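Visitor: Model the structure of this input:
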Amino acid sequence: MWYSWLTQCREINPDAIVIAGDIVHSKTQQGEGFDFTILLPADIRKYVMEKGYIAVDGISLTVGEVREGVFSLHIIPETLRLTTLLTKEVGDAVNLEIDSTTQTIVATVERVLEEKRS
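Guide: Residues are numbered from 1 along each chain as shown. A predicted model of the protein is given here:
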């Protein structure tokens with residue numbers, strides 16, 4: 001099934017975590033925009049937070065709500081007009097990218113917490 005393909009596509013790049021093949025879970029029209037939910041792999045959950053940033057298919061977006069196993073995106077009409085997101089349907093694969101700043105912040109917080117425990 002898609003999960004075995006998904007796990008084979010994951011790779012780490014020095015500047016960002018790139019996850020290839022995560023799936024559009026839902027797509028709902030909200031006025032002139034759309035709300036999407038994207039499946040959220042457990043191994044990158046710590047990098048995805050409400051009002052944080054994530055790139056989806058190379059498009060830098062603000063994260064909406066984060067729930068168990070998914071996160072939401074609220075896409076405004078201008079973003080829809082300038083990108084290919086409107087062509088995505090439920091079940092389609094998307095590439096996710098976590099920026100290096102977020103990775104650095106998470107690593108720093110984890111390091112400081114670990115040092116305080118020691």
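Visitor: Which residue, neighbours along the chain excluded, lies closest to residue 69?
Guide: residue 40 (5.8 Å; Cβ to Cβ, 6 or more residues apart in numbering). Heads up, the C-betas are built off the backbone N, CA and C, glycines and all.
Visitor: pretty sure that neighbour is in contact with residue 64, am I right?
Guide: No: if you go by Cβ atoms under 8 Å, residue 40 and residue 64 don't touch, sitting 12.0 Å apart.
Visitor: what about the residue nearest to residue 69, how many neighbours?
Guide: Applying other Cβ atoms under 10 Å, we find 23 other residues in the vicinity of residue 40.
Visitor: Now it: phi and psi?
Guide: Per-residue torsions, residue 40: phi -110, psi 110 (degrees, to the nearest 10).
Visitor: which residues does it contact?
Guide: Residue 40 is in contact with 22, 48, 66, 69-71, counting by Cβ atoms under 8 Å, 6 or more residues apart in numbering.
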